[in-house]
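Novice: What follows is a protein structure lacking sequence information:
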């Protein structure tokens, strides 16, 4: 795939194609559409549909959303961020790549360690 499926350069087109493919039960077509056009606002549905068959890829669909949510300090966002990271941790474990997840969270902690409320929420969730 040429592009990160969670990116949204053509969000309406990508999201619509992902939605159609998922409705038809065609996961490969959904991923192809996401790879070509981005998953747009349908990234969560694609992630959920892919969790069993493609846990790592499913987890990675959350990364752009997380990065966007972390852009500005906002304590209201920290619980949903931690919730998403917990789901990601489980998916990475299922894929057998826990070390990659640990590295990702370490990067978040390194970049945002100056946000005590975020660090507290991550610690509370064992992240």
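Specialist: Yep, that arrived. All of these numbers come straight from a predicted model, not from anything done at the bench. Residues are numbered from 1 along each chain as shown.

Novice: Contacts for the longest helix seen in the chain next, please.
Specialist: Assignment by DSSP state H gives helix 75-95 as the longest helix of the chain. Residues outside helix 75-95 that contact it (CB atoms under 8 Å, 6 or more residues apart in numbering) are 51, 55-56, 58-59, 62, 65-66, 69-70, 98, 100-101, 104-105, 108, 117-118, 121-122, 124-125, 127. All C-beta spots, glycine's among them, are computed from the backbone N, C-alpha and C.

Novice: can you pull the contacts of residue 19?
Specialist: Neighbour list for residue 19: 42, 45 [criterion: CB under 8 Å, 6+ apart].

Novice: Could you rerun that using 10 Å?
Specialist: Residue 19 makes contact with 30, 33, 39-42, 45-46, according to CB atoms under 10 Å, 6 or more residues apart in numbering.

Novice: If I look at it, what pLDDT would I see?
Specialist: If you check residue 19, the pLDDT there is 96.

Novice: and if you look at the one 5 residues further on?
Specialist: Looking at residue 24, its pLDDT reads 97.

Novice: same question, residue 8
Specialist: pLDDT, residue 8: 45.

Novice: For the remainder of this discussion, apply numbering that starts at 2.
Specialist: Sure thing, new numbering starts at 2, so read that last one as residue 9.

Novice: Isn't residue 56 up against residue 98?
Specialist: Yes - applying CB atoms under 10 Å as the test, residue 56 and residue 98 come out as touching, 8.8 Å apart.

Novice: neighbour count winner among those two?
Specialist: Ranked by neighbour count (other CB atoms under 10 Å), residue 56 and residue 98 place residue 56 first, with 20 against 15.

Novice: Ramachandran angles for that one?
Specialist: Residue 56 adopts backbone torsions of phi -60, psi -40, taken as degrees, to the nearest 10.

Novice: same check, this time on residue 34
Specialist: Phi and psi for residue 34, reported as degrees, to the nearest 10, are phi -60, psi -40.

Novice: Excluding sequence neighbours, find me the nearest residue to it.
Specialist: Distances taken as CB to CB, 6 or more residues apart in numbering place residue 18 nearest to residue 34, at 3.5 Å, with adjacent residues excluded.

Novice: Contacts only, for the residue nearest to residue 42 when sequence neighbours are not counted.
Specialist: Closest residue to residue 42 apart from its sequence neighbours, by CB to CB, 6+ apart: residue 16 at 5.2 Å. Shown in contact with residue 16 (CB under 10 Å, 6+ apart): 9, 34-35, 38-44, 46-47.
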